[in-house]
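In: give the three-dimensional model of this entry:
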Amino acid sequence: MEKSLPSATTTPAKRARENERPLVEDIRLLGRILGDVIREQEGVPAFELVEKVRKLSVEIGRAHV
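Out: As a prediction, the model looks like this:
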């Protein structure tokens, strides 16, 4: 499949988001795999604790931006 050239109306911010999409997808995939492994190896309670810490960390990070 051939990549199309960005149109003249494509903003730099939109191009940046489009360029980051594969990285974002990889991060999400790795997060799901990690979650599966934690549940399998340590159980649902450990997974829920890790998820709680992750969500709180995201909230704190967003509050300081």
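In: got the buried residues for the helix ranked longest in the chain?
Out: In the chain, taking DSSP state H as the definition, the longest helix is helix 12-42. Residues of helix 12-42 classed as buried by neighbour count (16 or more other CB atoms under 10 Å): residue 38. Any C-beta I mention is one placed from the backbone N, CA and C, and that applies to glycine too.
In: average pLDDT across that helix?
Out: For helix 12-42, mean pLDDT rounds to 95.
In: remind me what it packs against, helices and strands.
Out: Packing partners of helix 12-42 (3 or more CB pairs under 8 Å, 6 or more residues apart in numbering; DSSP states H and E): helix 44-63.
In: and the longest helix of the chain, how far out from the chain's middle?
Out: In terms of CA atoms, centre = their mean, to the nearest Å, the centre of helix 12-42 is set 4 Å apart from its chain centre.
In: again, but for stretch 31-46
Out: Stretch 31-46 sits 17 Å away from the centroid of its parent chain (CA atoms, centre = their mean).
In: hey, C-alpha coordinates of that stretch in CSV?
Out: Extracted C-alpha coordinates of stretch 31-46, given in CSV (Å, rounded to 0.1, in the frame of the first residue of the first chain):
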residue,chain,number,x,y,z
GLY,A,31,-0.1,-2.7,28.0
ARG,A,32,-2.7,-5.3,27.2
ILE,A,33,0.0,-8.0,27.1
LEU,A,34,1.4,-6.9,30.4
GLY,A,35,-2.0,-6.9,32.0
ASP,A,36,-2.6,-10.4,30.7
VAL,A,37,0.7,-11.6,32.1
ILE,A,38,0.1,-10.0,35.5
ARG,A,39,-3.4,-11.6,35.8
GLU,A,40,-2.0,-15.0,34.7
GLN,A,41,1.1,-14.9,37.0
GLU,A,42,-0.2,-13.0,40.0
GLY,A,43,-4.0,-13.0,39.8
VAL,A,44,-6.8,-10.5,39.4
PRO,A,45,-6.1,-8.7,42.8
ALA,A,46,-2.6,-7.9,41.7
